[in-house]
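Q: what follows is a predicted structure for the sequence shown.
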Amino acid sequence: MNDSLVIIPTYNEKENIEKMVRKIFSLPEKFDILIIDDGSPDGTPEIIKHLQAEPFGNNLHLIQRPGKLGLGTAYICGFKWAISKHYQYIFEMDADFSHNPEDLLRLHQSCLNGSDVAIGSRYKSGVNVVNWPMGRVLMSYFASKYVRFVTGMKINDTTAGFKCYKRRVLEHIDLDKIKFKGYAFQIEMKFTAWKMGFKIEEIPIIFTDRKEGASKMSGGIFNEALWGVIKMKLNSYFKQYKKIA
C-alpha cells in the first residue's frame, strides 16, 4: 500500500477508465486508486475487475454502489475508506482526462511543502480551459467569482474538483454534516476547510474537456450550487468551526 490514494467516481466511463488507471500507475510517484462506481450499466466495473487481476491489482480498489447517489456521497464514501486505510494524501479526480494525471505530482508536492489542501485551479492564472463552449466557460468562471463574493474565500477556482487533501483535514471535518451531493459539494468542502483555518493553495492547471463519454453536468446541479451557497453562508453564522490550523 502507498501513502497516496486517488479517488475517482465513475458512471459510464468505459471509454476512459482503463486508460486513466494505466496512466496513473505509470507515473514516477506511486499512487493507489479507488474507483467508486454508481451502478454503471456500460461495464465500467467489469473493466476495473479485469485490471485488478494484473500485477498492480493490490493497488487498485473498487467500491460498487447500487445507483447514482451523487458526486458528494461518492467522495464522502471514499474519504471514509481512505481514513480507515490510513492513507496520508487523498486526491479527488475525474475519470475523463479533463484533469491531467501528471498534475497529481504537483498537487502532491504542494501538500508535501506545507499545504493542507492543494487545488488544481483553472482560474489561478487567467482562464485555462480547453475545448469548452464559451458559454460554459463563462458560466463556470463567474460561478467561481460569485461563490468567492458570497463566501469571502480567497480562492479563484471555488468549484474545482481536482484536489489533494492531507489526511488530517478529512479527519477533522465532520463528513456526515457535509450536505451537498452535486458539484456544490466541492464548494462546501473548501469552505469548511477554509473556515477551520487549513492552509489552501491553488496550483494552476489546464483543464481539458472530455473527448470520450458524456458529461454529467445538469441544470439541477447548477441550481444547487447557485442557491446552496447562500444557504451555506447564512448557516455558517450559526455554526462553530473548530480552528485547527
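A: Received the coordinates, thanks.

Q: pLDDT value on the closest residue to Ser236 other than its chain neighbours, please?
A: With sequence-adjacent residues excluded and distances taken as Cβ to Cβ, 6 or more residues apart in numbering, Ser236 is closest to Lys195, at 6.7 Å. For every residue, glycine as well, the C-beta is placed using N, CA and C. Lys195 is assigned a predicted lDDT (pLDDT) of 95.

Q: likewise Thr151?
A: 93.

Q: got the contact list for it?
A: Applying Cβ atoms under 8 Å, 6 or more residues apart in numbering, we find Thr151 in contact with Thr158, Ile187, Phe191, Trp194, Val229, Met232, Lys233.

Q: neighbours of the residue nearest to Ser236, just the number please.
A: Applying other Cβ atoms under 10 Å, we find 17 residues neighbouring Lys195.

Q: what is the helix or strand of the chain with the lowest mean pLDDT packed up against?
A: Every helix and strand of the chain was ranked by mean pLDDT, DSSP states H and E. The lowest is strand 129-130, at a mean of 74. Judged by 3 or more Cβ pairs under 8 Å, 6 or more residues apart in numbering; DSSP states H and E, strand 129-130 is in contact with strand 207-208.

Q: now do whichever strand or helix holds Glu202, average pLDDT.
A: Using DSSP states H and E, the element containing Glu202 is strand 200-204. Averaging the model's pLDDT scores along strand 200-204 yields 97.

Q: output the contacting helices and strands for it.
A: So strand 200-204, by 3+ Cβ pairs under 8 Å, 6+ apart, packs with helix 103-112, strand 117-121, helix 184-195.

Q: out of the ones you listed, which comes closest to Leu71?
A: Proximity to Leu71 (Cβ to Cβ) singles out helix 184-195 among the helices and strands packed on strand 200-204, at 5.9 Å.

Q: and the closest one, C-alpha only, in CSV?
A: Extracted in CSV, the C-alpha atoms of helix 184-195 (Å, rounded to 0.1, in the frame of the first residue of the first chain):
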residue,chain,number,x,y,z
ALA,A,184,-21.8,22.3,-4.7
PHE,A,185,-20.1,19.6,-2.6
GLN,A,186,-16.8,20.9,-3.9
ILE,A,187,-17.6,24.4,-2.6
GLU,A,188,-18.8,23.2,0.8
MET,A,189,-15.6,21.2,1.4
LYS,A,190,-13.4,24.1,0.5
PHE,A,191,-15.5,26.5,2.6
THR,A,192,-15.4,24.2,5.6
ALA,A,193,-11.6,23.7,5.3
TRP,A,194,-11.1,27.4,4.9
LYS,A,195,-13.3,28.3,8.0
